[in-house]
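got a sequence here, can you model it:
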Amino acid sequence: MRLFIAIDALELNFDPDLALRKLKTNLKMKELEFRWVPQKNYHITLNFLGEVQSERLPILKSLLAELVQDHSVFSLKLDGLGAFPSQKEGRVIWMDVQNSKNLRSLQSDCEQRLKEQGFALEERDYKPHLTLVRLRNPRNLSDLLSPLIKQKFGELKVLKVTLFESKLSGPFPVYDPLEQFALK
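As a prediction, this is how the structure comes out:
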C-alpha cells in the first residue's frame, strides 16, 4: 500500500475557484500544458511513507491515535503562491501554508514516532504547501506568479489528521482516506 499522513484541506474558509481566478486566467493566456489538482485532493502532507506492508497498518493507526492526543485543533494561514522545484523551472504550482509552531510540532512529532517504529521516511526539509497545478514541462513561472506571491487567501482549520492511501490511476492519483484521527 502506498501511504501518506496529511491534513485534508477541505475546511478552507474561502472559495479556491474564486481566489485563484487570476492564476487560471494567466495559465490559459500562457498556453501551458497543465492540470489542476482536483479540490477533493487538496491536502497538506505531514509525512510520506511510500509503500507500506498491510500488516503494519495496525501499528500505524495506533501510532496516529496516540499522536493526536498530544495536539489540539489549530488554524493555518494560506497566502502566496510558489513553484517546485523553483519558479525558474516550475513543474508544480503550490499555495504557501503557514509553517506555524503547531504545524511544526505535529509534523515533527509524527516523524519522530514513525522513525521509532521503523518506518522509512523522505530525507528532505519539510515545506508545508498545498499543491494546485501540475505542469507537463518545466517552465519559468516567475512572471505568472509574481502578482500572487504575497496574496492572502484565507485560513484552513486543522481538525484532524488523515491516513491516506494513494492509488495511481488516470491523470491524478486517487487519495482514499483509510482513517481519520481527530485532534483534541
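
max-length helix in this structure?
Scanning the chain for the helix with the most residues, using DSSP state H, yields helix 101-116.

quick one: low-confidence ranges for this protein?
Applying pLDDT under 70 to the chain flags no residue at all.

all strands of it, in order?
2-8, 34-36, 43-51, 74-84, 90-97, 129-139, 152-158, 160-167, 174-182 (DSSP state E).

can you put the ones you listed in JSON lines and add distance to Leu63 and mean neighbour count?
(Each C-beta comes from the backbone N, C-alpha and C, glycine too.) As requested, these are arranged in JSON lines below (distance: least, Cβ to Cβ, whole Å; neighbours: other Cβ atoms under 10 Å):
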{"stretch": "strand 2-8", "distance to Leu63": "9", "mean neighbour count": "20"}
{"stretch": "strand 34-36", "distance to Leu63": "33", "mean neighbour count": "16"}
{"stretch": "strand 43-51", "distance to Leu63": "11", "mean neighbour count": "17"}
{"stretch": "strand 74-84", "distance to Leu63": "20", "mean neighbour count": "19"}
{"stretch": "strand 90-97", "distance to Leu63": "23", "mean neighbour count": "21"}
{"stretch": "strand 129-139", "distance to Leu63": "24", "mean neighbour count": "17"}
{"stretch": "strand 152-158", "distance to Leu63": "18", "mean neighbour count": "18"}
{"stretch": "strand 160-167", "distance to Leu63": "10", "mean neighbour count": "19"}
{"stretch": "strand 174-182", "distance to Leu63": "10", "mean neighbour count": "14"}
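
residue most distant from the centroid, the protein?
Met29 (26.8 Å; Cα atoms, centre = their mean).
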